[in-house]
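Participant: Here you go, sequence then predicted model.
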Amino acid sequence: AGYPVGPADKEYVLVNDKCQCVTVTSRFVPSKENPDEEVLERNIRIIVPLKARENISDPLSPLRTTFVYRFSELCKNCDPVEIELGGAIHQAQQGNSCEEPQTCYTYDRNQCYSSPVSLLHHGEVRQVPAALTPASCFAE
């Protein structure tokens, strides 16, 4: 069903995937063939991040040159819901392939990303994780 773009807006956001930089919206518009009828218009906005890395947690990995968008994966709903079957409550998922990791083309600001960096401390070199998205990695 989505949610409205704005309080007075008749356009609805169906998908807002911050990981793959895709927003899908829909709205009813007058039909070109018959202005008395409305048809559903769907808009897909894709932002291709410049200088995205193959491995976003590794700043030294090669630049990503291929971006793949599968509409079925963008629209999958992996949030578990409770349903009643035969008098018992069960957890169910509306999407399939939910266990597969999602390919991220940019940082999801809600997720913590880190990368190991070398740190010289008292003459000893140690690998220490450095936060690439500090706001998501540390509590306020």
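Facilitator: It's in. Residues are numbered from 1 along each chain as shown.
Participant: Contacts only, for the residue positioned nearest the centre of the chain.
Facilitator: Using C-alpha atoms, centre = their mean, the residue of the chain that lies closest to the mean C-alpha position is residue 17, 2.9 Å off. Neighbouring residues of residue 17 by C-beta atoms under 8 Å, 6 or more residues apart in numbering: 23, 74. Glycine gets a C-beta too; all of them are placed from N, C-alpha and C.
Participant: Ok, the one 3 residues further on next?
Facilitator: Going by C-beta under 8 Å, 6+ apart, residue 20 touches 67, 69, 74, 102-105.
Participant: which element is it on?
Facilitator: For residue 20, there is no enclosing helix or strand under DSSP states H and E.
Participant: Any idea what the residue nearest to the centre of the chain is bridged to?
Facilitator: Beta bridges link residue 17 to residue 22, judged by DSSP bridges.
Participant: Now do the same for it: its pLDDT.
Facilitator: On pLDDT, residue 17 comes in at 85.
Participant: next one: the one 4 residues further on
Facilitator: Reading off the per-residue confidence, residue 21 sits at a pLDDT of 87.
Participant: show me the contacts for it.
Facilitator: 46-49, 105-106 are the contacts of residue 21 under C-beta under 8 Å, 6+ apart.
Participant: Residue 36 now?
Facilitator: By C-beta under 8 Å, 6+ apart, the contact set of residue 36 is residue 30.
Participant: Would you map the strands across this structure?
Facilitator: Taking DSSP state E, the strands of the chain run over residues 3-4, 12-17, 22-30, 38-46, 81-85, 88-92, 114-121, 124-131.
Participant: then stretch 83-102 to CSV, C-alphas only?
Facilitator: What follows is stretch 83-102, C-alpha atoms only, in CSV (Å, rounded to 0.1, in the frame of the first residue of the first chain):
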residue,chain,number,x,y,z
ILE,A,83,-0.7,-15.4,11.3
GLU,A,84,-3.2,-17.8,12.8
LEU,A,85,-3.3,-21.3,11.3
GLY,A,86,-5.3,-24.1,12.9
GLY,A,87,-5.7,-22.2,16.1
ALA,A,88,-1.9,-21.6,16.5
ILE,A,89,0.0,-18.4,15.9
HIS,A,90,2.9,-18.7,13.4
GLN,A,91,5.6,-16.4,12.1
ALA,A,92,5.5,-15.9,8.3
GLN,A,93,7.5,-13.8,5.8
GLN,A,94,5.9,-12.3,2.7
GLY,A,95,9.1,-12.4,0.7
ASN,A,96,11.3,-15.3,-0.4
SER,A,97,15.1,-15.2,-0.7
CYS,A,98,15.2,-13.2,2.5
GLU,A,99,18.3,-15.0,3.8
GLU,A,100,20.5,-13.8,0.9
PRO,A,101,22.5,-10.7,1.8
GLN,A,102,21.4,-7.5,0.0
